[in-house]
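> task: produce atomic coordinates for the following.
(2 chains)
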Number of protein chains: 2
Amino acid sequence: MKTDSKIAIALEAIRARIRTGSLAHGERLPSIRRFASQIAMSPSTVNEAYERLVAEGIIVARPGSGYYVSSASIAQPGRRGREDHALDPFWVSRQALEADSGMVQPGCGWLPEAWMPQALLRMAMRDVARADDALLTGYGPAMGSPGLRHLLSRRFAEEHFLAPIDHILLTNSGTQAMDMVCRLLLKPGDCVLIDDPCYFNFRALLAVHRVRVVGVPFGADGPDLAVFARVVQEEKPVLYLTNSGLQNPTGGSITLRAAHRLLVVASQHGVQIVEDDIFADFAPRETPSLAPLDGLNHVIRIGSFSKTLSASLRCGYIAARPDLIRALGDLQIATGFAGASPVAAAIAEYVLKGGGYRRHLETLNRKLARLRRDCAERLASMGIEVTIRPKGGFSLWGQMPDGCDVSRLARLALDKNLVLAPGAVFGDSPATAQFMRFNVAQMTDPSLSERLKGLIDSASL
Amino acid sequence: MKTDSKIAIALEAIRARIRTGSLAHGERLPSIRRFASQIAMSPSTVNEAYERLVAEGIIVARPGSGYYVSSASIAQPGRRGREDHALDPFWVSRQALEADSGMVQPGCGWLPEAWMPQALLRMAMRDVARADDALLTGYGPAMGSPGLRHLLSRRFAEEHFLAPIDHILLTNSGTQAMDMVCRLLLKPGDCVLIDDPCYFNFRALLAVHRVRVVGVPFGADGPDLAVFARVVQEEKPVLYLTNSGLQNPTGGSITLRAAHRLLVVASQHGVQIVEDDIFADFAPRETPSLAPLDGLNHVIRIGSFSKTLSASLRCGYIAARPDLIRALGDLQIATGFAGASPVAAAIAEYVLKGGGYRRHLETLNRKLARLRRDCAERLASMGIEVTIRPKGGFSLWGQMPDGCDVSRLARLALDKNLVLAPGAVFGDSPATAQFMRFNVAQMTDPSLSERLKGLIDSASL
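A predicted model of the protein is given here:
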């Protein structure tokens, strides 16, 4: 190797240590001899590299003492502070995912950990630890664990939605399921309908796909069908993205009649509907949704087990027509090689098929029903109005008092270790911006009402 | 609800049962009364629906017996047969992922399950079953488990590659890591350099991204630098995608000198290099790679634990500049909400940090070294020439005898329950098409040489 190349390698080795913070500003560098041995080069090469960095002002020589990183050197990459983040669709995700245990999170989209079926999960993990070698280390079949797909197929059949297992593909999450459907069906510039308001991460996802997004107002009984019909004609959307069962954030549920009418319009205009069934296990049994009416002609159903079983397992699914499933399977090989972890699928299957999970849900859902009532009353006492009373789940969509600057409230709250979910992240309309989503399961702290009330006062005119 | 809407729902309920195979051709439908109760409609509605389907020829009425699905009804969606599949970049993935236990897979890209650290994994799972509630059910931090990222950072430091944990993002797989980098940095029509030959799934992935792919010949000592330099100037590529350490499929390894020269050219022309370090634990310690030379200026390193620990856990990573990592983190929230499962990361961390894993690797790598020698000899006796002798791993890249139609051989082999990896799936050049990749760990069956020899004779002129 030529000497110049060697020096370049040594130079880069030092620069990297400074850049990554392994050598801090002001810190002493290793001796020439020691560093030469560390990077397997001659001392003369390292000497030359050190001298060049001195010439560049990156390190300084102190005779009799050694070489030190200059304090004028490039800044170390630090973690962004909270204040860097705009109140965009990522806002709640970032704050809630990074929250430490000292924070209270009325705005986050999941249950407290202690409310999840921990004992069942631990039992399932010990059971799966005894599974065969292939399950523990193999990629598993391309479509995902047949056992879990069978179980999903049986669960769907209980709501008269018939999807055999070759109509079902497992994924790493419900969000990834949605992303894959978008990758398969959308191109930049296409129009996609979403609910207004809707789950903020749908908006983040659609921004990645660079599509044109049009909101359809969503209320207690589902989407505004007159607007839906008009927008379908005017905008020629490719997809309509919605929650089945309990809509996020409103908690509204489509009626059977509205579901039927929606499907008629969608089928007439070739609009593909994607219904995200992530809150399935919170919804009462008879809650209408689209797939049971349509089969999978114009509907793709996606979902996951993150809300009632475990978000840590990373396991979601897509139910769709077999031609779509085959194409999605190929897409999954190309972009992830395999989908849901066979270990995770086996754990999920173990929990879901046991009677303990049903009993867990019954207790949980009774508790949530009581909390929704209590919380709506407490919110009302603060001047926050909850007009939609959800049939299940943990979210309430509250209209904040007149004069309250909701985005400002969310920022003020964060400074006081409270993560809130301001309306603006769920939609662009001025009406939506006056709302907040509240997680009743994260609001059991008795001091919370007082804190929230104080913050609302500070954020009001 | 109007009667017509009800009938439409009943009609669709029946059609769906036929379409999905829940009601097979020739099968008797439920009685009108029974089906009416199943779908919570009146018998008169169901009667009308049945009569309409009779009129459409979808079901037939047999007086005194009931209604039956017409045998002339729409075909059921069946699974595609093997013969449907082209010898494209998906070929090996599909066959190997769907292979049953009766198949022998010299072409697959992983070790037999029994060679994986099963006992360590089982111990890790039992340990993680006692972890705290948050780990078992939470999403975990957006960048992935800090413990596993620390461990990766320490492993990198052993090769003098310095990447602190805010330069590391966990993903669901190495392939997903690559996909995310492509989503962030590429747009359709961009030029991407790959090795010729290269891992077939890189080609499948890049096809999804609709980029222009240019191959750079890869040999025993790494890429052809003259070609690399020329192509970089002529084609203005955005990315160069390669394996660090042991290249797939050739088993070649870039030399330190070639790595340095490559980086000089790449940095001069602003080409971002993505090195996939998936075979890290098979490579001897001193195997050169790009990230230790460059830091993360022009290199992004990705990898996973699928080859030496478990593919079932679905855990990979990206090490990159913090600005890229932040953007990739946002992309991961939007498209997957979270990356690697915290449970999976905890299991991987438990295994990787124990001394048992190092001992497992030492035994495994000694065994593979012996098998590579033996297998190369056996291949030579069949007229298959292995010119590159890999420094580690389980792959040999063998040039098939003159006159052997390699693609035909692969198809013939599949009929005999042998999954092979024909050269054509690794690259488009005629030279590549004359090779095959052999997995020495999947070729321990003593009858295999005989079977392979017979098939080569059948596929030769």
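
> can you get me a residue count around the residue nearest to A:Leu225 when sequence neighbours are not counted?
Nearest residue to A:Leu225 in three dimensions, chain neighbours excluded: A:Arg261, at 5.5 Å (CB to CB, 6 or more residues apart in numbering or on different chains). (C-beta placed from N, C-alpha, C; glycine too.) A:Arg261 is flanked by 18 other residues according to other CB atoms under 10 Å in any protein chain shown.

> secondary structure class of A:Arg261, three-state.
Under DSSP: H, G, I helix; E, B strand; the rest coil, the three-state class of A:Arg261 is helix.

> just confirm it contacts A:Pro223, I think it does.
No: in this structure, A:Arg261 is not within contact of A:Pro223 by CB atoms under 8 Å, at 9.9 Å.

> what comes up buried for stretch A:451-461?
A:Leu452, A:Leu455, A:Ile456, A:Ala459 (16 or more other CB atoms under 10 Å in any protein chain shown).

> list just the nearest of these to chain B.
Chain B lies nearest to A:Leu452 out of the buried residues of stretch A:451-461, by CB to the nearest CB, at 24.0 Å.

> from A:Arg149, how far out is that closest one?
44 Å (CB to CB, to the nearest Å).

> check the residue lying farthest from the centre of chain A and give its pLDDT.
Here chain A reaches farthest from its C-alpha mean at A:Gly64, the gap being 55.9 Å by CA atoms, centre = their mean. For A:Gly64, the pLDDT comes out at 78.

> and for the one 4 residues further on?
According to the model's per-residue confidence, A:Tyr68 sits at a pLDDT of 85.

> next one: the helix or strand of chain A with the lowest mean pLDDT to chain centre, how far?
Lowest on mean pLDDT, DSSP states H and E among the helices and strands of chain A sits helix A:3-19, with a mean of 80. Relative to the centre of its chain, helix A:3-19 is centred 40 Å away, using CA atoms, centre = their mean, to the nearest Å.

> likewise for stretch A:273-293?
What separates the centre of stretch A:273-293 from the centre of its chain is 19 Å, taken as CA atoms, centre = their mean.

> now stretch A:431-438
With CA atoms, centre = their mean as the basis, stretch A:431-438 stands 20 Å off its chain's centre.

> list the buried residues for that stretch?
Result for stretch A:431-438 [16+ other CB under 10 Å]: buried residues A:Thr432, A:Ala433, A:Gln434, A:Phe435, A:Met436, A:Arg437, A:Phe438.

> can you count the residues close to the closest residue in space to the fourth one that isn't next to it in sequence?
Okay, so that is A:Phe435. Spatial nearest neighbour of A:Phe435, chain neighbours left out: A:Gly423 (3.8 Å); criterion: CB to CB, 6+ apart. Applying other CB under 10 Å, we find 24 residues neighbouring A:Gly423.

> wait, doesn't A:Ser460 sit right on A:Pro401?
Yes: taking CB under 8 Å as the definition, A:Ser460 is a contact partner of A:Pro401 at 6.8 Å.

> tell me the pLDDT at A:Pro73?
For the record, residue A:73 is Ser, not Pro. The model reports A:Ser73 with a pLDDT of 42.

> over to A:Ala24?
A:Ala24 is assigned 70 on the pLDDT scale.

> cool, and the one 4 residues further on?
At A:Arg28 the predicted local distance difference test score is 85.

> how near is it to chain B?
Per CB to the nearest CB, to the nearest Å, A:Arg28 is found 17 Å from chain B.

> equivalent analysis for A:Leu23, please.
In this structure, A:Leu23 and chain B are 9 Å apart, going by CB to the nearest CB.

> and for A:Gly109?
For A:Gly109, the distance to chain B - CB to the nearest CB - is 10 Å.

> how about A:Val46?
From A:Val46 to chain B the distance is 13 Å (CB to the nearest CB).

> what ranges do the helices span in the stretch 201-350 of chain A?
Along the stretch 201-350 of chain A, the segments classed as helices by DSSP state H, counting those that start in this stretch run A:225-235, A:256-268, A:291-294, A:322-336, A:342-353.
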